[in-house]
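A.B. asks: Provided below for reference: sequence and predicted model.
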Amino acid sequence: MQIRHFLAQRRLQPIYTALHEVLLAGLGVGVHGGFEYTGEQWVVRQLAADQSPSLTILDVGANVGEYSALILDTLGPRATVHAFEPSADAYSVLSSRLLGRSGVHLHPFGLGFEEAEVPLYTNQPASTWASVLPRRAEYTGVTFMPAGTVRLRRLDVVCRELNLSRIDLLKVDVEGYDLAVLQGAGELLESGAIRRVQFEFGEANIDSRTYLRDFWELLNPHYRLYRIVSNGLAPIERYNGNHELFRLSNYLAVLRSVRTR
């Protein structure tokens, strides 16, 4: 009987695997593709429903400007976008794409928990996978190589210099370094100056040795945390180990005084 059970289970494994992938995708985990699939477009549309006459958005890890362009196209003249991109190759494309558009401010450096010059690693010029972490992704067929050094700054300091006292959305996508960016915004998070935080979590967090629990502990005192799904938000009422899924996911932290739809 045990052998028959083992053989039956083995035959069913492809079905279980496929079902597992479908269920994870429904939870917003492991979803790739455009902003409409990841749910980021839904978040931007909800932001557009904010009645504020002007909205300030920080795009950290702007790469070649796709997310910033989405913000500008959706919010129109109400949007002021500060886009941060330390990679010279990506910044060149970003500049040619967005420079001259109303409400856009481009910054050729990255953000972190301290002021520093650090190596950048990438698999190709202007790669969306470029990171300040020496990532190990050979099992995916991708090899990272050093690509010079880049400058990192603390967001607390940068916002004082730019005289930014309110941020309606801080979007962070820096390939595993997201927690360090938020740690560099500690004063802003504590004061409630940042109303919404969107960050990415996935395989790159294996390289940075950071966990969703780290984000929960940093944000939960002042923010409600959600996983972003394709057409909405899945609330995380209480952290547990089952949330540690190292597959591409996007999360939204909303200041507790801000209403969500």
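C.D. replies: Sure, I can see it.

A.B. asks: List the contacts of the one helix or strand residue 91 maps to.
C.D. replies: Under the criterion of DSSP states H and E, residue 91 resides in helix 88-98. Residues outside helix 88-98 that contact it (Cβ atoms under 8 Å, 6 or more residues apart in numbering): 62-65, 68-69, 72, 81, 83, 85, 104, 106, 108, 125-127, 130, 148. For glycine as for every other residue, the C-beta is placed from the backbone atoms N, C-alpha and C.

A.B. asks: which strands and helices sit next to the helix or strand that it is followed by?
C.D. replies: Sequence order places strand 104-107 as the next helix or strand after helix 88-98, per DSSP H and E. For strand 104-107, the packing partners by 3 or more Cβ pairs under 8 Å, 6 or more residues apart in numbering; DSSP states H and E come out as strand 79-84, helix 88-98.

A.B. asks: and the shortest one, how far out from the chain's middle?
C.D. replies: The gap between the average C-alpha position of strand 79-84 and the chain average comes to 15 Å, counting by Cα atoms, centre = their mean, to the nearest Å.

A.B. asks: quick one: low-confidence ranges for the chain?
C.D. replies: 1-10, 12, 16, 20, 23-24, 27, 30, 260-261 (pLDDT under 70).

A.B. asks: all strands for it, in order.
C.D. replies: For the chain, the strands defined by DSSP state E cover 55-60, 79-84, 104-107, 110-111, 116-122, 145-153, 169-172, 196-201, 223-229, 232-236, 249-255.

A.B. asks: ok, the third one: who's next to it in the sheet?
C.D. replies: Okay, so that is strand 104-107. strand 79-84 (parallel) (DSSP bridges).

A.B. asks: the inter-axis angle of the strand it pairs with versus strand 145-153?
C.D. replies: 130 degrees (axes from the mean of the first three to the mean of the last three Cα atoms, to 10 degrees).

A.B. asks: sorry, back to before: and the helices and strands packed on strand 104-107, which is most packed in?
C.D. replies: Across the helices and strands packed on strand 104-107, averaging neighbours per residue (mean count of other Cβ atoms under 10 Å) puts strand 79-84 on top, at a mean of 24.

A.B. asks: Output that one as PDB - backbone C-alpha positions only.
C.D. replies: Below are the C-alpha coordinates for strand 79-84, written out as PDB (Å, rounded to 0.1, in the frame of the first residue of the first chain):
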ATOM      1  CA  ALA A  79       2.200  64.700  -9.800                       C
ATOM      2  CA  THR A  80       5.700  65.700  -8.700                       C
ATOM      3  CA  VAL A  81       8.100  62.800  -9.200                       C
ATOM      4  CA  HIS A  82      11.600  62.500  -7.800                       C
ATOM      5  CA  ALA A  83      13.300  59.600  -9.500                       C
ATOM      6  CA  PHE A  84      16.500  58.200  -8.100                       C
END
